[in-house]
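Asker: Dropping a prediction and its sequence here:
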Amino acid sequence: MTVPTRADAAQPVKLLALGDSLTAGYGLPEPQGFTRQLEKALADKGYSVTVINAGVSGDTTAGGRARLDWALADKPDAAIVELGANDMLRGLDPAQAKDNLDAILKTLKDRKIPTLLAGMYASPSLGKPYTDKFNAIYPDLAKSYDLPLYPFFLDGVALERSLIQQDGLHPNAQGVAVIVERILPSVTALLDSLPQIQKTTEKPGG
């Protein structure tokens, strides 16, 4: 009897990537953006996954919250939430950003959608009081909702000029590749928690 693998599961898993320009792939051809590079990396690992690009450039946590129901219309099996960079860049109140993310995560929990929270660090130029409040948002919410946390979405990229576009903010294609490589273990761990993934990797007699 042939045992199905991740790659030949009947229906691809739907992974929602709710975010801002970092998720949307600002300034890059579509195949070089985060969602497509992630989808390819997952396929190379044997996962049959459709990564839904729900990134909107310039979006704040409030924007993500406002369009969450629309984003969930595709009925995703799991989600990555990557929001907050624009709140920080605009110096918006960290307490409000936390409230918005809290509402997003509560909705995802209520709909039983396993979620990976991708964090952001505030620029030191904003001052210690602000950065302390902002940087605490993500670990606090991850603990509150018992969610996996990827602490810094731009890990390995933020301070590497060769991996950033000319605007000094957004990763280039090579930078996105680094992001995908580093976040991939967290994403596969999220996917492995799904019943349909467990089902397709089940061994005979298991």
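Answerer: Cool, got the structure.

Asker: give the contact list for the most centrally placed residue in the chain.
Answerer: Residue closest to the average C-alpha location in the chain (CA atoms, centre = their mean): residue 80, at 3.3 Å. The contact partners of residue 80, taken as CB atoms under 8 Å, 6 or more residues apart in numbering, are 15-19, 23, 115-116, 118, 187, 190. Where you see a C-beta, it was placed from the backbone N, CA and C, and this is true even at glycine.

Asker: Just checking, which helix or strand succeeds the helix or strand containing it along the chain?
Answerer: Assigned by DSSP states H and E, residue 80 belongs to strand 78-82. Sequence-wise, the next helix or strand downstream of strand 78-82 (DSSP H and E) is helix 85-89.

Asker: Run through who's touching that next one.
Answerer: The contact list for helix 85-89 (CB under 8 Å, 6+ apart) reads 20-22, 58-61, 94, 96-97, 120, 122-123, 126, 134, 153.

Asker: filter those residues to the buried ones?
Answerer: The neighbour count (16 or more other CB atoms under 10 Å) marks 20-22, 59-61, 94, 97, 120, 122, 134, 153 as buried among the contacts of helix 85-89.

Asker: What's the separation between residue 51 and residue 37?
Answerer: Distance of residue 51 to residue 37, computed by CB to CB, to the nearest Å: 9 Å.

Asker: sorry, back to before: so the residue nearest to the centre of the chain versus residue 43, what's the distance?
Answerer: Distance, residue 80 to residue 43, by CB to CB: 17 Å.

Asker: what do you get for residue 66?
Answerer: Taken as CB to CB, the span from residue 66 to residue 43 is 32 Å.
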